[in-house]
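J.: Coordinates for the following, if possible.
(chains A and B)
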Amino acid sequence: MKELEFPFDSKTLLRKRKGLKKQLLADGSARIHKKIAVLGGSTTNDIISMTELFLLNNGIEPEFYQSEYNKFYEDAVFGNPELDSFAPDIIFIHTTSRNLTLLPESPAESPEDIQAKLEDQFGIFKQIWVSLMEKFSCPIIQNNFELSLFRRTGNYDGWGYSGTAAFINRLNVMFSDYARNNNGFYINDINYLSSVLSLTEWHDPEAWYLYKHAVRMSCIPDLAFSVASIIKSVYGKNKKVIDLDMDNTLWGGVIGDDGQEGIEIGPETAVGQSFSEFQQFLKGYKNYGVLLAVCSKNDEENALLGLEHPSSVLRKDDFVSIKANWDPKDRNIADSASELNLGIDSFVFVDDNPAEIAIVNGQLPQVSTVELTSVDQAMYCLSRGGYFEVTSVSADDLKRSEMYAANAQRAAQQKSFGSYTDYLLSLEMTAAITDFLPVYRQRITQLTNKSNQFNCTTRRFTESEIEEIGNNDSYIRLCGQLSDKFGDNGIVSVVIGNISGDQLNIDLWLMSCRVLKRDMELAMLDELVRQAKERGVNRINGYYYKTAKNNMVSELYGSFGFELDEKCENGDSVWHLDINTYTNKNHVIKVKENCNE
Amino acid sequence: MNKNDVIARLNEVFRDVFGDDSITVNASTTAADIDDWDSIEHINLMEAVEQEFGLRFKMREVSGMKNVGEMIDIICERGTK
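T.: Predicted coordinates for the structure are as follows:
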């Protein structure tokens, strides 16, 4: 629903929230169910109803637990049977500067006293997090603190040791340090939000006196949007590609008319500088695993000429897909998506032409769009839009763009081979199939939350659940990495099997679509069967749970030679394989031995 | 500001906030007449009315309004749009 994408109209969302919720629930789209506990230091009803709208709009149907007013500390530290039985998937702690109990009071306090207060104040929060983490081992989202509206001592408040702002700023640094050192702990940066919206807008003391609202009502949608962005990122619902128009989006002017020397990019003009900054900004996304693509109405030759401009920051190699032709843009976006094996809903399309934006909105409503009216406004929308909220950075993210580029090279090579097997052999593939080693936990978790297509059960796991499974002897765990002569694809497949007597139940079988049709699944199966035999298993049971996106694996177990036991009306199916006579199926990938060491 | 116009616009606000298109308010409507009008929804209602008519209720008014009629009077006196 475009009304719920950035930039949204907060007033309308607040007023029409009930109707919007009804519309969203009636749209028939598939959503994952998540239990979210909101522990508040102020009234949280409106924050919850707004967060709900943004999550519903992003494929998540939330169920909420709400602490009693200002009982965030008690609920967390002393426990609460209602919260225990709710068993949250994720916890949001909505506290603000109103909940700070140990602020400095007077210049008579020594720096040591204030340092002690700071540590005590931090300690109160840390106690909350540790206790919640122990009890629920689930992701925690914690607000940092907004600055006060009032500064008794003027500028001194920000630097004097007895200043409130100085205290809050130091506490925020301690919160950030904690977040960096604790997986599954995320800061909701209300210090930024209150600044970007302005402190005079953010604070509403009367709403505090009247309703115990710590944030002005009109700012609550922004707060909720930020929380929802973190949640959707944790559950792998970020966008993956920025698909860009070229003329007047990547440079000023029209390359087909103005020629390479006529377009504006680079330090010579103000307009040129603005596009340089935009290109630099876009390029930075690549380091976080976001892919860049081009979707432009141009002759390809001209388009490439633009990227070869001496001042162009972005080069041809920075893009994983370049569509420069005269076809409708919605068709080009769909083509890029299918070539990259990505969902259309993982695209953000940027164009300066409102007509193109309208066509894409109309034809491909799953694509998010940013209309570039000016470069700075586009950068603001891209960064505030929550499309690429970062909750973890894996080694994989850093290399993602290269991996897709290597895929394009593979595709080119494929054309020159007589048989597909010859092509696969020519790739000189090597796989390392390991247990869930600690260094891979983050990537494994990311895959279980991101993979939708090649995923038989679509079970999602938190990092602590992955750790638990890793320490439990009743599981066989496989984590597969694949490389070939064009590059390393990183960790691409995860399998979890649960041993019960002489049977093994496959709880999870997933693979990244970037290695489709490479026989990696056969290498995984060989290894699974080998380990299963070692553990005295005679029979492996496979389960396929149908979703809107995983049709490609509906017959996976059949293709492995499993026998079908049951096919349900809803499309789910159960399969089994007797493994005593199993012979290895992979003949094209070399599997490294002893790589757990 | 014309009282009838205010009532008509106010009616739309009530319908949106309570998500119920069958609501019709008049000067004597009170919280007891509308099922969902509790202290939580009162906050949303105040916000939506303030936005619609471009005014800010005083703290005493927020907690002291007895019926929609009093709300209309305040809007007619101080509403800016």
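
J.: Show me what from chain B comes close to chain A.
T.: Proximity of chain B to chain A is confined to B:13, B:16-19, B:40, B:43-44, B:47-48, B:51-52, B:59, B:62-63 under the rule CB under 8 Å from any CB of the partner chain. Quick note: C-beta positions are derived from backbone N, CA and C, even for glycine.

J.: From those residues, list the buried ones, please.
T.: With burial judged by 16 or more other CB atoms under 10 Å in any protein chain shown, the buried subset of the residues of chain B next to chain A is B:13, B:16-18, B:43-44, B:47-48, B:51-52, B:62.

J.: and of the residues of chain B next to chain A, the nearest to chain A?
T.: Looking at the residues of chain B next to chain A and their distance to chain A, the nearest is B:Gly19, at 2.8 Å (CB to the nearest CB).

J.: how about the closest one, phi and psi?
T.: Backbone geometry at B:Gly19, expressed as degrees, to the nearest 10, gives phi 60, psi 40.

J.: Make sure it is actually in contact with A:Gly19.
T.: Yes. B:Gly19 lies in contact with A:Gly19 (CB atoms under 8 Å); the separation is 5.4 Å.

J.: Over in chain A, which residue gets nearest chain B? Let me know.
T.: Here the residue of chain A nearest chain B is A:Lys18; by CB to the nearest CB that distance is 2.8 Å.

J.: quick one: secondary structure of that residue?
T.: For A:Lys18, the secondary structure call by DSSP: H, G, I helix; E, B strand; the rest coil comes out as helix.

J.: My understanding was that it contacts B:Ile23; is that so?
T.: No. Counting by CB under 8 Å, A:Lys18 sits too far from B:Ile23 to count as a contact (11.8 Å).

J.: Identify the residues contacting A:Phe436.
T.: A:444, A:466, A:469-470, A:477, A:479 (CB atoms under 8 Å, 6 or more residues apart in numbering or on different chains).

J.: Please go through chain A and pick out the longest strand.
T.: Among all segments of chain A classified by DSSP state E, the strand with the greatest residue count is strand A:487-500.

J.: who are the neighbours of the helix or strand just after that one, in terms of helices and strands?
T.: Tracing the chain C-terminally past strand A:487-500 and defining elements by DSSP states H and E, one meets strand A:503-511 next. Helices and strands in packing contact with strand A:503-511 are listed as helix A:441-450, strand A:487-500, helix A:520-534, strand A:539-544; criterion 3 or more CB pairs under 8 Å, 6 or more residues apart in numbering or on different chains; DSSP states H and E.

J.: Go through those and name the closest to A:Leu199.
T.: Of all those, helix A:441-450 sits nearest to A:Leu199, with 35.5 Å by CB to CB.

J.: what angle do the helix or strand that comes right after the closest one and strand A:487-500 make?
T.: Counting by DSSP H and E, the element after helix A:441-450 in chain order, helix or strand, is helix A:463-470. Relative orientation of helix A:463-470 and strand A:487-500, computed by axes from the mean of the first three to the mean of the last three CA atoms, to 10 degrees: 60 degrees.

J.: hmm, what's the outermost residue in chain B?
T.: No residue in chain B has its C-alpha farther from the mean C-alpha position than B:Ser22, which lies at 15.8 Å (CA atoms, centre = their mean).

J.: and the closest residue to A:Tyr73 other than its chain neighbours, what does it touch?
T.: Nearest residue to A:Tyr73 in three dimensions, chain neighbours excluded: A:Ile128, at 6.2 Å (CB to CB, 6 or more residues apart in numbering or on different chains). The contact partners of A:Ile128, by CB under 8 Å, 6+ apart, come to A:39, A:72-73, A:76-77, A:93.

J.: what's around residue 61, how many residues?
T.: Defaulting to chain A. Using other CB atoms under 10 Å in any protein chain shown as the criterion, A:Glu61 is surrounded by 15 other residues.

J.: oops, chain B please
T.: Residue crowding around B:Glu61 was assessed by other CB under 10 Å; the count is 14.

J.: ok, now which ones touch the residue nearest to it when sequence neighbours are not counted?
T.: Taking CB to CB, 6+ apart as the measure, B:Glu61 lies nearest to B:Ile74, with 6.1 Å between them; neighbours along the chain are not counted. With contacts defined as CB under 8 Å, 6+ apart, the neighbours of B:Ile74 are B:55, B:57, B:61, B:65.

J.: Find the nearest non-adjacent residue to the last one, please.
T.: With sequence-adjacent residues excluded and distances taken as CB to CB, 6+ apart, B:Met65 is closest to B:Met71, at 5.6 Å.
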